[in-house]
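J.: A structural model of the following input is requested.
(one chain, ligands or ions: 1)
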Amino acid sequence: GWSAVCPSPSVLLNPACEAPREDSAALLARREAHFAGPQKHYYEIPPQIERGWREFLFDMEGRAYLDMVNNVTMLGHAHPRLTAAVEQQWSRLNTNSRFHYAAVTEFSERLAALAPDGLDSVFLVNSGSEANDLAIRLAWAHTGKKNMLCLLEAYHGWTLASDAVSTSIADNPQALTTRPDWVHPVVSPNTYRGPFLGPDSGADYVASVTTVLEAIDEKGDGLAGFIAEPVYGNAGGIALPDGYLTDVYAAVRGRGGLCIADEVQVGYGRLGHHFWGFEQQGVVPDIITIAKGMGNGHPLGAVITRREIAESLEKEGYFFSSAGGSPVSSVVGLTVLDIIRDEGLQENARVVGDHLKAGLAALMERFPLIGAVHGTGLYLGVEFVRNRETLTPATEETADICDRLLDLGVIMQPTGDHLNVLKIKPPLCLSAESADFFVKALEKALEDTV
Ligand code: PLP
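T.: Residues are numbered from 1 along each chain as shown. Purely as a prediction, here's the structure:
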C-alpha cells in the first residue's frame, strides 16, 4: 500500500502559491510547436504536471492540486505496489505478445472470472478505441451484417470504427455529418434534459430506438449490433431509465444483433455500487470493452466476449496486437486488480462517492446555478443551468468556476455537449477528507463567480 498516511489536502494544497506560471507557459509554447496531439486547453496556462501521488498532482512551479477528473489513474498516482510490480517485470521480460508466458494466461483468467458467465474469451489491446473497434469487427464477423446502432452524444474512441459510432458534437463538431451509412444513431436517454422526460420517458426512448430499428428492417440488410455505455456518461453519469437496456437489448437480439457494453469509463468498480456499469441495468451484454483504469495509466484495453463470437473473427480476418497483453501489460493488469481488491477501492468509491454526492446535494440547495447532481460512486456530474425550469446551460459560468477551482487547487474541466457539467471522476482512493475539500473549494468558487 501507500508508504505514508494520507495527509489532509489542506496541508498538501497550497492555494496561496503565487509563483508565476512561467515554466508552464514556456512549455505550453514548445508543446504547441511540435506536439500534434490534442491541444484543447481548458485553462489559459495549463499547469505542467511534474509528479503525482495518490489523488494529488504537483506542477513545475510547486503547486499541488486535487485531481478530480482522472479516469485513467484509477488507483491513484504513483502507487508503490504497482511501481514495484512493473519494475520487477520490466527488468525480467517484456516482449512481443506472440510469445507464451504465464502472466497473460493469468490475466485472461482473472478478467473472464470477473465477467458474467459465458463471457470467457478475452482479447488484450492497448486502448479503449482499439477495444471498441475490435468489438464492432466482432459484431460484423459474427452476424455477417454491418449496421450498428449507437447513442447520440456518446464517445467510443478515435479509430475508424470507434470514431464512426462516436457522436459527441463537443468532441467532434462534424460528427453528425460524416457518418458512414452503417451507423445509426438513436437519441440518448438523458432523463434530465432529453426530448422525453417524466415517468414514461423510458418507454418513449425505447420507442424511438424501435423506430430506427424498423427503418433498418425495411431496408432488409440486417443488424450487426448496438454499442452504448451502460450509463449516460457524457453529462456526468446519469443513470439510464429503468429497463431501457433490457428492452433495447431484446429488440436488438430479436433481429440477430449483438449488444456491446462500453465499460471503458464506468466499469471496474468506479460506480461503487456495482463492479460493471451494465449491472445497474440488470443486463448481460454479448461483448464488454474496457480500458483506461484497468492499466492505471499504462496502455491497456480488453474485449471480453463469448467463445463463439471470439472465434467468428477468424472468418473475417486476423487479430494480432504486438503489445496487447505483453508481459508488462499483463502484470500491470493483474496488479491493478489485486490492488482494487486488497484496498477495497470499489467499496471506497461507494462510501466516499455517496458522501461526496450528499455534500454536492447540500450545495445545490444554496446555489440555484446547480441544476442537478448526477451519477453514482466516484462518477458524478454537477450540471450548471441558468434557470432550473428552462435548463439553459450555464456554459460561461462553468468555465469561470473551473478557472477559480484551479486557483483553489483543484483540477476540473467542463464537459457535456454544452460544456456546462463538472464530471467528477477522481482516483478511486479519494479520501473523505479530499471529497470535503472539493466541496469547500466548489462552494468558494461558486461564491466568487456567481
Ligand atoms: N470509450 C469511452 C466511453 C471513452 O470515454 C473513451 C475515452 O475517452 C474511449 C472509449 C476511448 O478510449 P481510449 O482513449 O483509451 O482510446
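
J.: CA only for contacts and neighbour counts going forward, please
T.: Will do.

J.: Tell me where the model's unsure across the protein.
T.: 1-8, 10-18, 169-177 (pLDDT under 70).

J.: now with 80?
T.: Across the chain, residues meeting the criterion (pLDDT under 80) sit at 1-20, 38-41, 168-178, 315-318.

J.: how about the residues of it that lie near the ligand?
T.: With the criterion set to C-alpha under 6 Å from any ligand atom, the chain comes near the ligand through Ser127, Gly128, Ser129, Tyr155, His156, Gly157, Asp262, Val264, Gln265, Ala291, Lys292.

J.: Rebuild those as TSV, extending it with neighbour count.
T.: Shown next, in TSV, are those (neighbours: other C-alpha atoms under 10 Å):
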residue	neighbour count
Ser127	21
Gly128	27
Ser129	24
Tyr155	25
His156	28
Gly157	19
Asp262	28
Val264	26
Gln265	25
Ala291	30
Lys292	25
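
J.: if you look at these, which of them are in strands?
T.: The strands, defined by DSSP state E, take in Asp262 from the residues of the chain next to the ligand.

J.: What is the neighbour count of the residue in the stretch 301-450 of the chain that the ligand sits nearest to?
T.: Closest residue of the stretch 301-450 of the chain to the ligand, C-alpha to the nearest ligand atom: Gly301 (7.2 Å). When counting by other C-alpha atoms under 10 Å, one arrives at 27 neighbours for Gly301.

J.: hang on, isn't it packed against Asn132?
T.: No. Taking contacts as C-alpha atoms under 8 Å, Gly301 lies outside contact range of Asn132: 9.4 Å.

J.: residue ranges for the strands of the stretch 351-450 of the chain, please.
T.: 370-376, 379-384, 410-411, 414-415, 421-424 (DSSP state E, counting those that start in this stretch).

J.: now the helices for the stretch 251-400 of the chain?
T.: In the stretch 251-400 of the chain, the helices defined using DSSP state H, counting those that start in this stretch lie at 307-316, 327-342, 345-366, 395-408.

J.: Give me the residues contacting the third one.
T.: Looking back up the chat, that one is helix 345-366. For helix 345-366, contacts defined as C-alpha atoms under 8 Å, 6 or more residues apart in numbering pick out 75, 268-275, 339-340, 370-373, 376-380, 382, 428-432, 435-436, 439, 443.

J.: Could you list the buried residues of it?
T.: In terms of neighbour count (16 or more other C-alpha atoms under 10 Å), helix 345-366 has its buried residues at 345-357, 359-361, 363-364.

J.: ok, back up a step: how about the strands of the stretch 351-450 of the chain in TSV, adding mean neighbour count?
T.: Supplementary listing: these in TSV, determined by neighbours: other C-alpha under 10 Å:
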stretch	mean neighbour count
strand 370-376	23
strand 379-384	28
strand 410-411	24
strand 414-415	23
strand 421-424	27
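
J.: So which of the ones you listed is nearest Asn234?
T.: Among the strands of the stretch 351-450 of the chain, the nearest to Asn234 by C-alpha to C-alpha is strand 414-415 (7.2 Å).

J.: so how far is the first residue of stretch 311-321 from its last?
T.: Taking C-alpha to C-alpha, to the nearest Å, stretch 311-321 runs 16 Å from one end to the other.
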